[in-house]
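In: any chance you could fold what I've pasted below:
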Amino acid sequence: MRHISFFGFLILVLNATGAAGQDKHSSVAKLPQKAKDFLNAHYARIDVASVSEDVQSWFESNVYRVILKDGKRIAFDESGNWKEVDGKRAALPLNLIPANVRAYVARSFPRTEVVRMKRNKHRYHVAISSGLQLEFNNKGEFIKIKQQ
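Out: Residues are numbered from 1 along each chain as shown. This is a model prediction of the structure:
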């Protein structure tokens with residue numbers, strides 16, 4: 001009996017974790033309102049090519065991934081806050097980039113543009129058009145240049 005309940009538990013756990021990390025096709029209508037507002041504010045003129053929901057485990061929140069028709073990619077958390085914006089070598093909208101980050105890049109790396117940006121609770125990771133990757137704290141203060 002003990003073996004049967006252990007194997008039953010094992011099958012349940014494998015099924016539950018098997019669904020984790022899988023992408024489900026979704027639609028703009030199913031995005032959180034914050035994500036819809038973000039798209040309307042920054043990318044209203046570009047149509048959405050696809051939306052997928054990356055279903056995570058019990059320990060991680062779901063992630064929405066949006067691909068625009070021009071190839072740009074945006075990832076949102078389950079609340080609709082942006083986590084990553086990839087311009088695919090094109091400049092990101094200036095009003096998306098924190099003022100301190102924008103000022104530092106303009107001052108330190110003239111004639112470059114921010115083309116990709118990731119954020120978490122503590123950091124902004126910024127890629128600029130020259131190929132450099134910069135790291136800033138959550139206040140937009142420069143920390144370091146990351147080696148590739």
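
In: so in that sheet, which strands flank the longest strand along the chain, and in what orientation?
Out: Longest strand in the chain by number of residues (criterion: DSSP state E): strand 48-55. Strand 48-55 has the following strand partners under DSSP bridges: strand 22-26 (antiparallel), strand 63-68 (antiparallel).

In: ok, and for it, which residues are buried?
Out: By neighbour count on 16 or more other C-beta atoms under 10 Å, the buried set for strand 48-55 is 51-54. (Glycine included, C-beta is placed from N, CA and C.)

In: ok, stretch 128-141 next?
Out: Quick answer for stretch 128-141 (16+ other C-beta under 10 Å): 128-129, 132, 134, 136, 140.

In: for Lys72, state which of these is nearest.
Out: Ser129 (14.6 Å; C-beta to C-beta).

In: give the contact list for that closest one.
Out: 89, 91, 112-115 (C-beta atoms under 8 Å, 6 or more residues apart in numbering).
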